[in-house]
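K.L.:
Based on what follows, work out the 3D shape:
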Amino acid sequence: MELTPTTITQVRAFEAVGRLGSFKRAGEELFVTQAALSHHVRHLEEHLGVQLLRRLHRRIELTAEGAQLLAEGGRALEALAAALRNLKRSKEEALRVSVPPYFSLRWLTPRLGRLWQQHPGLDLQLHHTYQTVDLLNGRVDAAIAWGHGKWPGIQSTLLMTSRLTPICTPEYLRRLGPHPTPADLAALPLFYEFDEAHWRQWFHSAGAQVPERLQAVRIDDSHALRRVVLDGHGFGLFFQELLREDVASGRLAQPFDLCIDPGCAYYLNRSRDAPMGAKLRAFTGWILEEAEGAGA
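P.N.:
Model (predicted):
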């Protein structure tokens, strides 16, 4: 049977009657007369060659075929309605992207001018949070997240690696003499954001002996970690890719080329089951080009 606008109207009429169990209530929901509904259902039965309803005194009953069509047709109509809602939302609403505040400050927002040059009028809303965002509830369209890249129901695209390297101020570095070695850092105040084991991993990669106890303090915020290093309190283990501006300006120094991979990275995430609208497609293409151009 060919699916035509008339057929869709007939199925919609039958679905309302079958779901509500009444021509009267279905007519009130759809704003049509009971006679029109009866006409649509009867023509649908004729097209299908099966009886869908038993019209009894003051009530109706679904036949077995009617019950099957009600279940399957109801799901199909809801899927169609959801597709229309998503299309309308993608056209009218802003693109909502969740992003960690520090990543936004140091990398994303300075580049947004180029996004709007390529896509004038793109309405973008950034939601800043360090928390893992539930992309499955539809509150945001995409999220930039730091992690292992494996989240249930999520399509993850690698955006930027997160190699860690020691940093300090140029003044603090000069206190160590002209040729500091990785081993020199082991006795100094050390700061990190995620896990002290990352410092031990860095020392091991550098071939340096590590004391049983390090003077290591966790600071679980990138802004605060950068601040404590800028204030000259010691060395911080930090994202190399987000240090370029500070190192280029001379505010911070990266004394060693050695970096470690903590096993996590920045990813651009979206729900695997949600349709990818034009706005998200444009943003995705742009940000991946920016990441590639930045040498990520």
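K.L.:
buried ones in stretch 263-281?
P.N.:
For stretch 263-281, the neighbour count (16 or more other Cβ atoms under 10 Å) marks 265-271, 274, 277, 279-280 as buried. No exception for glycine: its C-beta is placed from N, CA and C like everyone else's.
K.L.:
In strands, which of the residues you listed appear?
P.N.:
Judged by DSSP state E, the buried residues of stretch 263-281 include 265-271 as members of strands.
K.L.:
can the residues you listed go into JSON lines with extra columns for distance to Gly113 and pLDDT?
P.N.:
Below are these laid out as JSON lines (distance: Cβ to Cβ, whole Å; pLDDT from 0 to 100):
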{"residue": "Ala265", "distance to Gly113": "25", "pLDDT": "92"}
{"residue": "Tyr266", "distance to Gly113": "21", "pLDDT": "94"}
{"residue": "Tyr267", "distance to Gly113": "24", "pLDDT": "95"}
{"residue": "Leu268", "distance to Gly113": "19", "pLDDT": "95"}
{"residue": "Asn269", "distance to Gly113": "24", "pLDDT": "93"}
{"residue": "Arg270", "distance to Gly113": "24", "pLDDT": "92"}
{"residue": "Ser271", "distance to Gly113": "28", "pLDDT": "89"}
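K.L.:
one step back: find the pair from the buried residues of stretch 263-281 with maximum spatial separation.
P.N.:
Farthest pair in the buried residues of stretch 263-281 (Cβ to Cβ) is Ala265 and Gly277. Separation: 25.4 Å.
K.L.:
How about residues contacting the one helix or strand Glu289 maps to?
P.N.:
Glu289 is located in helix 278-293, with elements delineated by DSSP states H and E. With contacts defined as Cβ atoms under 8 Å, 6 or more residues apart in numbering, helix 278-293 is touched by 90, 95, 97, 108, 111, 114-115, 118-119, 122-124, 141-142, 157, 159-160, 268, 270, 276.
K.L.:
Identify the bridge partners of Arg54.
P.N.:
On the basis of DSSP bridges, Arg54 is bridged to Glu61.
K.L.:
quick one, what contacts the closest residue in space to Gln34 that isn't next to it in sequence?
P.N.:
Nearest residue to Gln34 in three dimensions, chain neighbours excluded: Phe23, at 4.3 Å (Cβ to Cβ, 6 or more residues apart in numbering). For Phe23, the contact set (Cβ under 8 Å, 6+ apart) comprises 17, 34, 37-38, 60.
K.L.:
one more time with 6 Å
P.N.:
Residues counted as contacts of Phe23 (Cβ atoms under 6 Å, 6 or more residues apart in numbering) are 17, 34, 37.
K.L.:
all helices for this structure, in order.
P.N.:
Ranges of helices in the chain, per DSSP state H, are 5-20, 23-30, 34-48, 64-92, 101-103, 112-118, 170-174, 196-206, 222-230, 244-249, 278-293.
K.L.:
Show me what counts as buried in the last one.
P.N.:
Under the neighbour-count criterion of 16+ other Cβ under 10 Å, helix 278-293 has 279-280, 282-284, 286-287, 290-291 buried.
K.L.:
Show me what the mean pLDDT comes to for it.
P.N.:
Averaged over helix 278-293, pLDDT sits at 93.
K.L.:
before we move on, back to that, make a markdown table from the buried residues of stretch 263-281 and add distance to Pro255 to it.
P.N.:
Shown next, in a markdown table, are those (distance: Cβ to Cβ, whole Å):
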| residue | distance to Pro255 |
| --- | --- |
| Ala265 | 24 |
| Tyr266 | 25 |
| Tyr267 | 30 |
| Leu268 | 32 |
| Asn269 | 34 |
| Arg270 | 39 |
| Ser271 | 43 |
| Ala274 | 45 |
| Gly277 | 46 |
| Lys279 | 43 |
| Leu280 | 41 |
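K.L.:
about what we covered before: apply the buried test to the contacts of helix 278-293 and list what passes.
P.N.:
90, 95, 97, 108, 115, 119, 122, 124, 141-142, 159-160, 268, 270.
K.L.:
Can you say which two of those residues are spatially most distant?
P.N.:
Longest distance between any two of those is 26.3 Å, between Ser90 and Met160; criterion Cβ to Cβ.
K.L.:
so Val97 touches Ala142, yeah?
P.N.:
Yes. The criterion here is Cβ atoms under 6 Å, and Val97 meets it with Ala142 at 4.9 Å.
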